[in-house]
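A.B. asks: Predicted coordinates and the sequence they were generated for:
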Amino acid sequence: MAAGQLSEETLAPIRETFFQECGDLLAELEAGLLTLQNGARDPEIIDTVFRAAHSIKGGAGAFGFAVLVRIAHAFEAALDAVRDKRVTLDAELLRLLFAGADALADVVRATREGRGDAAAEQIDSVTAALAALAPDAAVAAVDEDGFLDFEFTPKPVSVETPAVRRWLISLRPHATFYARAGEPLLLLRDLARLGEISTTLDCELLPALEDLEPEAAYLAWSVVLATTADEAEIRDLFAFVEGDCDVDVARLPSDAEAAGIPQVAPPPDGATPDEARLAAKPELAPTIRVDLERVDRLVNLVGELVINQAMLAQRLADAGVAETAGLQPPLDDLEHLTREIQDGVMAIRAQPVKAVFQRLTRVAREAEAATGKLVKLVIVGEETEVDRTVIERLTDPLTHMVRNAIDHGLETPAERRALGKPEAGVVRISAEHRGGRIVITVADDGRGLDRSAVMRTATRRGLIAPDAELADEEIDNLIFAPGFSTADEASTLSGRGVGMDVVQRGVQDLGGRILVASRPGDGCSFTLTLPLTLAVLDGMVISIAGYSLVAPLTSLIESTQPREADVRRLGPNGWLLRFRGEHMPLIDLGFALGYRPQPMEPSRGIALIVHDDLGGRAALLVDEILGQRQVVIKSLEANYQAVPGVSAATILGDGRVALIVDVGAIATAYRPAPDAVLRTAAG
């Protein structure tokens, strides 16, 4: 039955699955092109890109998406020309293929949204350029029933020509071939290009209708091909379906026609084709697609389970019956099972940042074209995993940062030559796990921040006093002020006063922070520090002035009781702690958060050694450590308002609300200048 004959109720979920698969295929296609751009010329990579475009075309044809079929077919035909070495894969062709990939993504998105305005003129131009690479390719169209209809003209080969040889090709597709939008007609079409073919369908394994498995594969084909091509050329046609089809190529003797066409041998021992394939080749782990709403609901339920488990344990402990009634072992088991469930659910939501990073390659290409600069994008750590919610909200901030790095940071090729730099500027994007958080860095090797220009702009806009004296770090942070821009005129990329303040707000909404570092002439880097998940964390419950707070366990290194000999005064309200041969600021957390009007004596508290956002260490002074807990994160900004030094809130086992301390932000905010630390340590 054609797609158009199905009811909309039946068709809608199938169509949505197709678009989801298109997203995966486009990511695979983009990754392959990037590998080719980096100099690789492995035929398997070209085949991977070819298969992605081919699968998109096959699915689009089944739904009658004519525009999507047309551009996917042009892209596929261009890759086919590369595989056949009819065209050379050089830098110019790669740029065209990237433009084709961008156009393909635009059409997929527009088709999914039911729009027909996906830059038609630009897409027509790209499609025509791709089609020009393979003018003899088969024409792909969509027939009135909604299926792909291919017209091809077999390459004429005279059987009397002495160079002509005959080959027997046996083709038996697996079920995975059809699941990946494979179409045997395309393979037969490719064979027909090589010469004259005679095809026989083998339906011997086709069962009775009542025994038919809808997703199984029963059909096979035997093809006699008369061609001047050799065996290697014939096998190359099936390279992209390797593993999804059984293909056998054999040379026929001169009297093969009189002998007839042998049938495809059935799998041994009466096994079905799928059973034979599974026995011969291990399969990848099976996967399923689940609605995100269901996963979110599961995450919320696990959060409530964690809270209720903590409250149950707390109340039994307060009543003093946990040990006497023999309840402690089952309570420990319950806590262990709760932790296992929580880890499992978080793993379901964890995804690599690769999807976001790959989108940035297109942003870089567009910015490169708009500015006339040469850009080399380097991506590191794209397999680093983080909660899906965080990934979804990273796209806009990272897009702004990459555009700014290219537009403002990198010099023109002429300027870079004059400075002795390579003509192509480098923008490096990296991701890594550090201290239980994800750290993403966007750095360039351009001119760096012009601090004098930043100061002039800030003074003109009234952000600072004309006679203000600021440290380099303070000047750099002025770029996050709303409406701040040093651009002389607005462009399509920047200069409109909207950008880095939006980035900072977006990162802060995720419970993260952004830091900037710049060296004039050597470039600029922006570092984003974000939580791995927005649902659950392991925390240390601490007491400050009679209030209970939670410090994320991943930010803590160790704790110590400060000794008077190791503490020195730093300014009117600051202290410096010497610990394990290192001097670090000692910050009274109660004073920093406003719980106390004056800092308390260090010897009366406990110091928590923590990481700050700049890679250094600090010591937070607290009254008491109450214990370790797994807590559920509740947004403070959504339920109340943003509070400096506090990242979120949680519910403790006794039912009270406790604030979760933003340890890194406090440690960084109270970080003294290096020269002050040296003077105090020496004194």
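C.D. replies: It's in.

A.B. asks: And the next helix or strand past the helix or strand that Val345 is a member of?
C.D. replies: Element membership of Val345, judged by DSSP states H and E, is helix 328-349. Read in the C-terminal direction, the helix or strand following helix 328-349 is strand 350-352, with elements assigned using DSSP H and E.

A.B. asks: pLDDT on that following strand, on average?
C.D. replies: In this model, strand 350-352 carries a mean pLDDT of 82.

A.B. asks: what helices or strands is that strand leaning on?
C.D. replies: Helices and strands touching strand 350-352, by 3 or more C-beta pairs under 8 Å, 6 or more residues apart in numbering; DSSP states H and E, are strand 385-387, helix 388-392. Heads up, the C-betas are built off the backbone N, CA and C, glycines and all.

A.B. asks: deepest of these, which one?
C.D. replies: Burial of those is given as mean neighbour count (mean count of other C-beta atoms under 10 Å); strand 385-387 ranks first at a mean of 21.

A.B. asks: and that one, what's its mean pLDDT?
C.D. replies: When the per-residue pLDDT values of strand 385-387 are averaged, the result is 82.

A.B. asks: Tell me the gap between that strand and the middle of its chain.
C.D. replies: On the basis of C-alpha atoms, centre = their mean, to the nearest Å, strand 385-387 is displaced by 9 Å from the centre of the chain it belongs to.

A.B. asks: Offset the numbering so it begins at 45, please.
C.D. replies: With the count now opening at 45, the last piece we talked about shows up as strand 429-431.

A.B. asks: Partner strands of it, with direction?
C.D. replies: Applying DSSP bridges to the sheet, strand 429-431 is found paired with strand 394-396 (antiparallel).

A.B. asks: Just checking, which helix or strand of this structure averages the lowest pLDDT?
C.D. replies: One helix or strand of the chain scores below all others by mean pLDDT, DSSP states H and E: helix 300-303, with a mean of 40.

A.B. asks: Let me know the pLDDT of Ile601.
C.D. replies: The predicted local distance difference test score for Ile601 is 84.

A.B. asks: should've said Ala185
C.D. replies: The confidence metric pLDDT takes the value 48 at Ala185.

A.B. asks: Could you do Lys199 as well?
C.D. replies: Here the pLDDT value assigned to Lys199 is 41.

A.B. asks: averaged over its residues, what pLDDT does the top helix by length along the chain have?
C.D. replies: Taking DSSP state H as the assignment, the helix of the chain that covers the most residues is helix 52-81. When pLDDT is averaged over helix 52-81, the result is 81.

A.B. asks: helices or strands next to that helix in the packing?
C.D. replies: With contacts defined as 3+ C-beta pairs under 8 Å, 6+ apart, helix 52-81 has these neighbours: helix 87-106, helix 135-156, helix 398-415.

A.B. asks: buried set for that helix?
C.D. replies: 59, 62, 65-66, 69-81 (16 or more other C-beta atoms under 10 Å).

A.B. asks: can you give me how far it is from the chain middle?
C.D. replies: Once both centres are worked out by C-alpha atoms, centre = their mean, helix 52-81 turns out to sit 14 Å from its chain's centre.

A.B. asks: If I take it and helix 135-156, what angle do their directions form?
C.D. replies: An angle of 160 degrees separates the directions of helix 52-81 and helix 135-156 when computed by axes from the mean of the first three to the mean of the last three C-alpha atoms, to 10 degrees.

A.B. asks: quick one, helix 52-81 and helix 87-106 angle?
C.D. replies: Computed with the same axes, to 10 degrees, the direction of helix 52-81 lies at 160 degrees from that of helix 87-106.

A.B. asks: Any regions of the stretch 595-727 of the chain where pLDDT drops low?
C.D. replies: Within the stretch 595-727 of the chain, the ranges that satisfy pLDDT under 70 run 617, 656-659, 681-683, 715-727.
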